[in-house]
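Student: Only the shape, not the letters, is given here:
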């Protein structure tokens, strides 16, 4: 039982990690907190579903196309709604992206309705036997896919020139623009990347939990994950997400059920009290 | 100019609220020689929106059918639906608006125990009848309230029936039963009924688990139920949670028997759960859409006639059924229609059977339905398992 | 027009005579409303008044003192449940429960305020959000006090021999309480406390160097803000007469923030505007539906509008409705010079 909970916790945690990742790369590049990351996940999944069911496209094609659409959608959002926010006080940015999340959620509800939908799974349905315990294949699949994705991202940031440009912008916008990086373009591309990450997270989680427009609430769990790992740290987001996912599950199993709902937030508060910079973060200096 | 425009918009939005609707001269508002104005408060945009829209859809189908046949004593029914967005203060605001500005005669259907509970004191004070609220809460009818007629089977009664079913029909009085209920009144109501009947048979539950409404992952609770040795699980869920539980049980490779209340009798549950739905038993309080019952046939016919593109479903069937009960109440009220005559008329309803459920009210009885039957998920469809049964005391 | 030449001018309650006139007009309207408008309108006005109190408290905390609170619905809940528990379970009279709820919630405010001292900006926002989720779950599960998901039903309250059992009577009572809270807030703003808040908001480090004790003043801000929410919560509980955990969700907290943002952060009148806006917008849509039947509300239009309004106000009208009102006044004042 412990092992099963561990695996399912890691699966959920990988999803948190993916959402937190999207969230952190946006923050690092633009200092904007994206409360709408969960909604990007929902949109990605819905687009994939529509392509599959209404247009009858094969699964893999719908997924690829939905990634493509979401990338464009991310750029659109950035240009229309986010760029005007750069430089505004943090309160405004937070509330603006919260507003954006409302808009996206209800727009999705208007377009696709608020009903629950079954989402096709790319993983086989039979449970996977591992000795004495059985684990859901989808859980295992999510974990493997997420790790593969993170590996890809690592390679992207480390070895491609675009990745390098993004990292430069994240570290120092002024410096990056001086050496010739198109900072505005990077902003758009960062959102495109985050939207794609969201879409992948959506496609992975929707088969497990049924797709409906309120799935975006999962995105709120990205905050404890990002804070735990250290705000602005990419490996932190991943580690944070996994830890939150696993401990939520274990807490729900071995403590009371209702503790599970808030365990992530309890962890969040504890971290903020004892080590606000999280596991990998750096202590920020105060300036007047 | 920006400033003037903004002021104008503001006034435009606020002003109509302050207009006083003209006073009506009828003895009871909302009734004329050719029309009855009826109010409904539903969740149309909140978390139960999918239920609300379906129920209203079904109800409006029947009202249209009845109106086109000339109405009741020549009066056609006009339904005014307000959205409460699943927030109680809004439900109360909607109720006040419908009573004061729209001058409705009575209320037909509200959705959700919370919204219903919020407006009931108001309706009682104003002596306005509410027929067929979509709340199966037993508190609504125990003690009975003069103006509130619950035309369904209360959750508590359903709990009792489920235990009866396990003992008498499945003949498994020694089955190890575990419960998994929603952590709110709905779940507690069912537990009340389950507990009461379990005590009668000397049954003790091996484990009692709860979950928060909206939860999507039940593995901790199910693991614990399995650990406690449960052979049968009784659920108190609605649609999505039921499907999630069934899928998880299948993932666990656990051949446990799962039983749920009437709210899970919508075939959408089977559709969402896919193959995991095989063998799931649900209680039903209206005949299946595949049956030959005249009420079901009428529902399908009317549906085909007026809105063939819409998919038929259990919840719109429920709305249709509630509308039929309401219209029958209007008929029993007599040609001289007042709120009191509606109450008196409804009290005379006895064994009125529209979709299989037999409805009876009386001078102190506002319960409506006291029987149900059981259906089983088989190859993605529900099939009947038992006939209609009543609870054994 | 806006130049003040001595201290007493700066702290005047009504800075200009025009404000006083508007205020008297509004009071006249509000006091006579039950006479010409129906119970529906009185109900909406009462609800608005309650939300105004919440808005005032939140504005003091977030608008003036700059401490972001994304979980204010939790304070409202504490106030509501305290009052319900005191009156229903302990049988204490309403005139005691109302201020007591305020104090109980204020105590909770201190409890939150102290850990919050170390957090700034985004971290504070996330922490308050976490607090809201936790409070929500605790309310759901602490059944001996809150009745869990069942909620608590309340009966109409009475103050001594006067029973507040009609909509009208309760309306006047709420109006009176709201005015008192408004007066209190105005006095806080124009006192050294208010100035300390504004200093903290504008720059904590600078305020500290000027001698403003951050810990004390931030805690006071939370305390006062929670007190307001507690009073509002008690009124809310006795007004709607049925409370349950679903009245106090994250959505409601966001709704409160929308109130102060749309109305105008850091302004008192803005709090009022915001409350009016939040209360009347859905009702306005509802009523407009009667005049324009194509305005279909059944498809999530309201949630969409909330989000759009939030976004648009932040992008284009960051000073809120109050700011727009100021600009309008300035337009008229300087006409035709523009």
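Tutor: Perfect, thanks for sending it. None of the values given here were measured: they were computed from a predicted structure.
Student: Which residue does the stretch 51-200 of chain B have closest to chain C?
Tutor: residue B:184 (3.1 Å; Cβ to the nearest Cβ). C-beta here means a position set from N, CA and C on the backbone, and glycine is covered the same way.
Student: Hmm, that residue is touching residue C:143, no?
Tutor: No. In this structure residue B:184 lies outside contact range of residue C:143 using Cβ atoms under 8 Å: 11.2 Å.
Student: Which residue of these two possesses the greater neighbour count?
Tutor: residue B:184 (22 against 13; other Cβ atoms under 10 Å in any protein chain shown).
Student: which SS class is the closest residue to the more buried one other than its chain neighbours?
Tutor: Excluding its sequence neighbours, the residue lying closest to residue B:184 (Cβ to Cβ, 6 or more residues apart in numbering or on different chains) is residue C:149, at 3.1 Å. Following DSSP: H, G, I helix; E, B strand; the rest coil, we place residue C:149 in the helix state.
Student: residues near residue A:55, how many?
Tutor: The number of residues near residue A:55, taken as other Cβ under 10 Å, comes to 10.
Student: Roughly how far does the residue nearest to it when sequence neighbours are not counted sit from residue B:155?
Tutor: Excluding its sequence neighbours, the residue lying closest to residue A:55 (Cβ to Cβ, 6+ apart) is residue A:62, at 8.0 Å. Per Cβ to Cβ, to the nearest Å, residue A:62 is found 41 Å from residue B:155.
Student: For those two, indicate the residue with more neighbours.
Tutor: Remark: of residue A:62 and residue B:155, residue B:155 carries more neighbours, 25 against 21, as counted by other Cβ under 10 Å.
Student: can you pull the contacts of the more buried one?
Tutor: B:136-138, B:186, B:189-190, B:193, B:236, B:261 (Cβ atoms under 8 Å, 6 or more residues apart in numbering or on different chains).
Student: could you redo the last one with a cut-off of 6 Å?
Tutor: When contacts are counted by Cβ atoms under 6 Å, 6 or more residues apart in numbering or on different chains, residue B:155 is found next to B:136, B:189-190.
Student: measure the residue nearest to residue A:55 to residue A:117 for me?
Tutor: For residue A:62 relative to residue A:117 (Cβ to Cβ), the value is 14 Å.
Student: Next: residue C:173.
Tutor: 49 Å.
Student: and if you look at residue C:334?
Tutor: 57 Å.
Student: Neighbour count: these two, which is higher?
Tutor: residue A:117 (18 against 10).
Student: thinking the more buried one is in contact with residue A:213, fair?
Tutor: No. Taking contacts as Cβ atoms under 6 Å, residue A:117 lies outside contact range of residue A:213: 9.9 Å.
Student: Show me what residue of chain C gets nearest to chain B.
Tutor: residue C:149 (3.1 Å).
Student: What's the local residue count around that residue?
Tutor: 24.
Student: for it, what are its contacts?
Tutor: Here residue C:149 is in contact with B:183-185, C:140 (Cβ under 6 Å, 6+ apart).
Student: at 8 Å instead, please
Tutor: B:183-185, B:187-188, B:213, C:140, C:244-245.
Student: Narrow those residues to those that are buried.
Tutor: Listed as buried from the contacts of residue C:149 are B:183-185, B:187-188, B:213, C:140, C:244-245; burial here means 16 or more other Cβ atoms under 10 Å in any protein chain shown.
Student: got TSV for those, with secondary structure and pLDDT too?
Tutor: Formatted as TSV, those follow (DSSP: H, G, I helix; E, B strand; the rest coil; pLDDT from 0 to 100):
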residue	secondary structure	pLDDT
B:183	coil	82
B:184	coil	80
B:185	helix	80
B:187	helix	88
B:188	helix	86
B:213	coil	74
C:140	helix	83
C:244	coil	85
C:245	helix	85
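Student: what's the closest of these to residue B:89?
Tutor: Using Cβ to Cβ, residue C:244 comes nearest to residue B:89 of these, at 11.6 Å.
Student: pLDDT weak spots in chain B?
Tutor: B:1-27, B:46-47 (pLDDT under 70).
Student: now the most centrally placed residue in chain B, nearest residue through space, not along the chain?
Tutor: For chain B, the residue sitting closest to the mean C-alpha position, by Cα atoms, centre = their mean, is residue B:134 at 3.4 Å. Using Cβ to Cβ, 6+ apart and skipping residues adjacent in sequence, the residue nearest residue B:134 is residue B:111, 4.9 Å away.
Student: so who does the one you found touch?
Tutor: Residues in contact with residue B:111 (Cβ under 8 Å, 6+ apart) are B:41-43, B:48, B:51-52, B:55, B:84, B:134-135.
Student: among the residues you listed, which are in helices?
Tutor: B:51-52, B:55 (DSSP state H).
Student: and chain A, which of those reach it?
Tutor: Near chain A, taking Cβ under 8 Å from any Cβ of the partner chain as the test, no member of the ones in helices among the contacts of residue B:111 is found.
Student: With neighbour count as extra columns, can I get those in JSON lines?
Tutor: Output for the ones in helices among the contacts of residue B:111, formatted as JSON lines (neighbours: other Cβ atoms under 10 Å in any protein chain shown):
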{"residue": "B:51", "neighbour count": "22"}
{"residue": "B:52", "neighbour count": "28"}
{"residue": "B:55", "neighbour count": "28"}
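Student: Closest one of these to residue C:184?
Tutor: residue B:52 (41.6 Å).
Student: For the closest residue to the closest one other than its chain neighbours, which residues are in contact?
Tutor: Spatial nearest neighbour of residue B:52, excluding adjacent residues (Cβ to Cβ, 6+ apart): residue B:42 at 3.7 Å. With contacts defined as Cβ under 8 Å, 6+ apart, the neighbours of residue B:42 are B:52-53, B:55-56, B:81-84, B:109-111.
Student: any idea how far residue B:42 is from residue B:82?
Tutor: Taken as Cβ to Cβ, the span from residue B:42 to residue B:82 is 7 Å.
Student: can you check residue A:175 too?
Tutor: Residue A:175 sits 58 Å away from residue B:82, taking Cβ to Cβ as the criterion.
Student: Look at the two and report which has more neighbours.
Tutor: residue B:82 (23 against 11).
Student: All the helices of the stretch 101-250 of chain A, residue numbers only.
Tutor: Remark: helices assigned in the stretch 101-250 of chain A by DSSP state H, counting those that start in this stretch are A:137-159, A:161-171, A:173-178, A:183-209, A:222-229, A:234-254.
Student: Turn those into JSON lines, including mean pLDDT.
Tutor: As requested, the helices of the stretch 101-250 of chain A are exported to JSON lines (pLDDT from 0 to 100):
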{"stretch": "helix A:137-159", "mean pLDDT": "84"}
{"stretch": "helix A:161-171", "mean pLDDT": "81"}
{"stretch": "helix A:173-178", "mean pLDDT": "79"}
{"stretch": "helix A:183-209", "mean pLDDT": "88"}
{"stretch": "helix A:222-229", "mean pLDDT": "86"}
{"stretch": "helix A:234-254", "mean pLDDT": "86"}
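Student: Chain A contacts on the stretch 201-338 of chain C?
Tutor: So far as Cβ under 8 Å from any Cβ goes, the stretch 201-338 of chain C lies against chain A at C:203, C:205-206, C:254, C:257-258, C:261, C:265, C:299-301, C:303-304, C:306-311, C:314-315, C:318.
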